[in-house]
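Novice: Below are the sequence and a predicted model for it; my questions follow.
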Amino acid sequence: MAAKSKVAEWKVQEIKDIRDMIKGKKVIGIISIANLPSSQFQAIKKKLRGRAEIKITKSNLIQRAFEESKDENLKKLEPHISGPCGVIVSNDSPFMLFNFLKKNRTKAPPKPGMVATEDIIVPAQDTDMLPGPDLAELKSVGVKAKIEKGKIAVAEDSVVVKKGDVVSLKAAAVLGKMGVTPREIGIEVNALMEDGMVYTSDVLDVDEEKLTKQIQDAYLHMLNLSVNAGYFNKASIEFLLKKAYNNALAVAVEGKIFTKETLEQILSKAGLSAEALAEVLKQRGYA
């Protein structure tokens, strides 16, 4: 009879740690740390203290921990467990957590082999680089470089990698040397789950300014509709009362109903009428 394989103790502990970590948390998610340097990961993790907790481990251990938790909702996250990934838990909303991670991404030079999502350009600039091999290296990847005042200068904006093309080793080296950083690196969100609802990054990636403006516009449209329809609510009541007051005042002035509020306007209107009449009489020769 074959001996039963024994699971390594560290794996058992990892599974237990994940199960303990996800217990009772409002938001549970899967994150990716592919291409993220350790130093930057640790810096982001430090910023997350008090807001979220992260555990990076093997995909199969995450899946095993989810299975052992007996929470059926966690099965919804399993399709998002792939590659170098980890578990993140938080009591923030999924959108707030995603936004925090997005704001903590940093710019980085392009990597050899990556596909450019847009034209990668070396802008026109002066440099401190001396004439020599660097000049030939810049020109070899399409940088319009020249010698100016004894230093290398980029004469005009130069497209080094076109959108959709693969970044070569030589192009990556030049772009890194020139400080061009078209790539964002950080913790990527595969999915976040709250109350059994799974949100992927395309849903979570909300433009705050655009959303705020949309909410403001919607509020103003609602307020305008309520006022014009005479519908009283917390937002419209002040405007409706002012509108009703102004309408009542106008009717009272036209009807010459003397009140404290109408007296000045009625007298002013009468004065203007008297002045107009005097002018007509004057034109007709009456003193």
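Specialist: Cool, got the structure.
Novice: From now on I want contacts and neighbour counts done on CA atoms only, so please keep to that.
Specialist: Noted.
Novice: can I see the domain layout of this protein?
Specialist: 9-105+186-205, 120-182, 210-283 (automatic domain parsing).
Novice: Now do the helices in the stretch 151-287 of the chain.
Specialist: Taking DSSP state H, counting those that start in this stretch, the helices of the stretch 151-287 of the chain run over residues 169-177, 201-204, 208-229, 237-254, 263-283.
Novice: Figure out which of the domains of the chain is closest to residue 112.
Specialist: Nearest to residue 112, of all the domains of the chain, is domain 120-182, at 4.9 Å by CA to CA.
Novice: so for that closest one, what's the average pLDDT?
Specialist: In this model, domain 120-182 has a mean pLDDT of 92.
Novice: cool, stretch 100-114 as well?
Specialist: 89.
Novice: Surely residue 80 touches residue 190?
Specialist: Yes. Under the criterion of CA atoms under 8 Å, residue 80 makes contact with residue 190 at 5.9 Å.
Novice: joint contacts of these two?
Specialist: residue 30 (CA atoms under 8 Å, 6 or more residues apart in numbering).
Novice: quick one on the thing from earlier: which of the helices of the stretch 151-287 of the chain is buried the deepest?
Specialist: helix 169-177 (a mean of 18; mean count of other CA atoms under 10 Å).
Novice: Not counting that one itself, show me its contacts.
Specialist: 109-113, 122, 137-138, 141, 160-161, 181.
Novice: Now stretch 145-157: buried residues?
Specialist: Residues of stretch 145-157 classed as buried: 145-147, 152-155 (neighbour count, 16 or more other CA atoms under 10 Å).
Novice: Just the C-alpha atoms of it, please, in CSV.
Specialist: C-alpha atoms of stretch 145-157 as CSV (Å, rounded to 0.1, in the frame of the first residue of the first chain):
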residue,chain,number,x,y,z
ALA,A,145,19.8,63.6,-31.6
LYS,A,146,22.5,66.2,-32.4
ILE,A,147,25.5,67.9,-30.8
GLU,A,148,24.8,71.3,-29.4
LYS,A,149,27.2,73.3,-27.3
GLY,A,150,29.3,70.2,-26.7
LYS,A,151,26.5,68.1,-25.4
ILE,A,152,23.9,65.7,-27.0
ALA,A,153,20.5,67.4,-27.5
VAL,A,154,17.2,65.9,-28.8
ALA,A,155,16.2,68.2,-31.6
GLU,A,156,12.5,67.2,-31.7
ASP,A,157,10.0,64.8,-30.2
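Novice: Need the contact partners of that stretch.
Specialist: Contacts for stretch 145-157 (CA under 8 Å, 6+ apart): 121-131, 135, 138-139, 143-144.
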